[in-house]
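Colleague: missing the sequence, but the structure's below:
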């Protein structure tokens, strides 16, 4: 399982997959911190939200750059077998899928933080 995960990270392109993985770890750490210490001001939730959206867009940027490179190679070679094309498309989809996983995990964390947050009772003076 561990080897499969590392292979997927490398197949998706280290330039995009490893930073996305780092963003996942940061979001998980922030979620745990917010659950333990609380997030009364909402600063941690906003930070998680921004990082998760950045990871999503970063994944799609990796896909676009990968597809442009693949289409350049296809243009140079000319005739490409369907198997080679399918393999290239699979690799191009790994980066945005990983970005979506980070986005979904982070959004789930935000939902849990919001749900667990104690409501502030306004004081009447």
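Modeller: Great, that's in hand. A quick note: this is a predicted structure, and the numbers were derived from the prediction, not measured.

Colleague: ok, residue 96 - contacts?
Modeller: Contact partners of residue 96, counting by CB atoms under 8 Å, 6 or more residues apart in numbering, are 56, 59, 60, 62, 63. Every C-beta, even on glycine, is put in place using the N, C-alpha and C of the backbone.

Colleague: three-state assignment of residue 39?
Modeller: Recorded secondary structure, residue 39: coil (DSSP: H, G, I helix; E, B strand; the rest coil).

Colleague: and if you look at residue 48?
Modeller: Using three-state DSSP, the structure places residue 48 in helix.

Colleague: confirm for me that it is in contact with residue 109.
Modeller: Yes: the criterion here is CB atoms under 8 Å, and residue 48 meets it with residue 109 at 6.2 Å.

Colleague: now the common contact residues for these two.
Modeller: Taking CB under 8 Å, 6+ apart as the contact rule, residue 48 and residue 109 both touch 27, 30, 31, 34.

Colleague: give me the nearest residue to the third one, chain neighbours excluded.
Modeller: Distance criterion CB to CB, 6 or more residues apart in numbering; nearest residue to residue 31, sequence neighbours excluded, is residue 109 at 3.5 Å.

Colleague: ok now do that neighbour, which residues does it touch?
Modeller: Counting by CB under 8 Å, 6+ apart, residue 109 touches 27, 28, 30, 31, 34, 48.

Colleague: what do you get for residue 88?
Modeller: Contacts of residue 88 (CB under 8 Å, 6+ apart): residue 70.

Colleague: rewinding a little: so which of the contacts of residue 109 comes closest to residue 102?
Modeller: Looking at these and their distance to residue 102, the nearest is residue 27, at 6.5 Å (CB to CB).

Colleague: nearest residue to the closest one in space, please, no chain neighbours.
Modeller: With CB to CB, 6+ apart, the residue lying closest to residue 27 is residue 106, at 4.3 Å.

Colleague: how much space is there between that neighbour and residue 25?
Modeller: Separation of residue 106 from residue 25 (CB to CB, to the nearest Å): 11 Å.

Colleague: higher neighbour count, these two?
Modeller: Taking other CB atoms under 10 Å, residue 106 and residue 25 do not tie; residue 106 has more neighbours (27 against 10).
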